[in-house]
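> Need the 3D shape of this:
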Amino acid sequence: VDSRAMLHWAALSNGTVDAQLVVSQNTAGWAAVGIPSTGLQMIGSKALVSDGMVYDLNGKNPSLVVLATDMGAFDSISTTVESGNQVLRFSTNGGGNTMLNLVVAYHTTSSGFPVTRHEARFGVEVLITSTPTPTPPPAVTPPACTPSAHPDFQCQMAVDTKAMLHWAALSNGTVNAQLVVSQNTAGWAAVGLPSTGLQMTGSKALSCGHSFDRSADDWLESSCL
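The predicted structure is shown next:
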């Protein structure tokens with residue numbers, strides 16, 4: 001909402017909106033969140049205040065701010081102080097709407113609500129049909145093609161200090177490739193085509209030189225030299 005006030009919310013499948021207002025470092029003051037009856041106007045709304053009560057805000061004069069006889073659009077409420085922060089939690093019915101209008105106000109140095117006028121006030125339109133935007137995975141830049149030292153291939157890449165991969169992409173979509181693991185006559189080497197990501201488990205693997213078609217994810221031919 002601003003540098004001091006943070007609003008958290010979740011739209012549930014039954015139409016309820018759970019929300020929490022946190023006003024940081026505000027133990028000496030008060031905080032309030034209102035559900036307006038019209039637009040983003042504080043006057044005419046019911047407001048949950050950090051003293052744990054719901055008020056009818058009938059006007060700017062403190063005498064017109066009175067304890068509410070009902071909670072109005074608030075379904076449930078709670079207020080606490082956590083680590084020096086005022087925390088106001090509530091739920092309300094979204095009513096099938098796509099937006100929820102709220103009014104947020106606070107004062108950081110006086111707890112005298114409603115006599116002490118708000119230090120800051122904001123109208124907030126909350127999109128309650130939204131889902132969090134997933135964070136895209138970091139972009140992976142494929143390595144540039146280093147010309148292969150082998151005459152039958154276009155590119156090469158050092159997998160590590162011992163393993164070298166050579167490959168050539170053909171016009172028909174086939175990829176010819178060769179894995180060379182140096183000084184390894186007493187051991188074994190393998191190359192796999194994963195079915196998921198870069199996982200070896202679930203893949204098919206060969207333990208010799210090979211030629212394969214990535215689009216079909218299947219081996220076409222293989223040879224061991």
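
> Grab the nearest non-local neighbour of Leu127.
Leaving aside its chain neighbours, Leu127 sits nearest to Met99 (6.2 Å; criterion: C-beta to C-beta, 6 or more residues apart in numbering). In this view, the C-beta of every residue, glycine as well, is placed from N, C-alpha and C.

> And the one you found, how far from Gln154?
With distances taken as C-beta to C-beta, to the nearest Å, Met99 is found 56 Å from Gln154.

> Same question for Val17.
Going from Val17 to Gln154 by C-beta to C-beta gives 57 Å.

> Tell me which of these two has more neighbours.
Counted by other C-beta atoms under 10 Å, Val17 and Gln154 do not tie: Val17 has more neighbours, with 20 against 15.

> what's near enough to touch the more buried one?
Residues near Val17 by C-beta atoms under 8 Å, 6 or more residues apart in numbering: 9-11, 91-94, 100, 126, 128.

> at 10 Å instead, please
Applying C-beta atoms under 10 Å, 6 or more residues apart in numbering, we find Val17 in contact with 9-11, 75, 90-95, 97, 100, 102, 126, 128.

> Could you do Ser203 as well?
190-197, 217.

> Compare those and tell me which has the most neighbours.
Neighbour counts for the contacts of Ser203 (other C-beta under 10 Å) peak at Val191, which has 21 neighbours.

> and it, what are its bridge partners?
Leu206 (DSSP bridges).

> Closest one to Pro147 out of the contacts of Ser203, please.
Nearest to Pro147 among those: Val191, at 21.1 Å, using C-beta to C-beta.

> which sections of this protein are below the confidence cut-off?
Scanning the chain for pLDDT under 70 picks out the ranges 115-117, 119, 129-143, 207-225.

> on that earlier part again, which single one of the contacts of Ser203 is nearest to Asn58?
Closest to Asn58, out of all of the contacts of Ser203 and judged by C-beta to C-beta, is Gly197, at 60.6 Å.

> where's that closest one relative to Gln154, distance?
25 Å.

> How about Tyr106?
For Tyr106, the distance to Gln154 equals 65 Å [C-beta to C-beta].

> just Asp70 next, same as before
For Asp70 relative to Gln154 (C-beta to C-beta), the value is 76 Å.

> just Ser182 next, same as before
Distance from Ser182 to Gln154, by C-beta to C-beta: 21 Å.

> before we move on, what about Ala28?
71 Å.

> now do Asn26
From Asn26 to Gln154 the distance is 65 Å (C-beta to C-beta).

> now Thr79
For Thr79 relative to Gln154 (C-beta to C-beta), the value is 68 Å.

> go on, Val49?
Val49 sits 71 Å away from Gln154, going by C-beta to C-beta.

> What about Gln86, how many residues nearby?
Other residues near Gln86 come to 25 when the count uses other C-beta under 10 Å.

> For it, which three-state class applies?
Three-state assignment for Gln86 (DSSP: H, G, I helix; E, B strand; the rest coil): strand.

> Was I right to think it contacts Ala105?
No: between Gln86 and Ala105 there is no contact, the gap being 11.6 Å when judged by C-beta atoms under 10 Å.

> who touches both of the two?
5, 23, 30-32, 49.

> Could you single out the nearest of those residues to Asn176?
Ala5 (61.4 Å).
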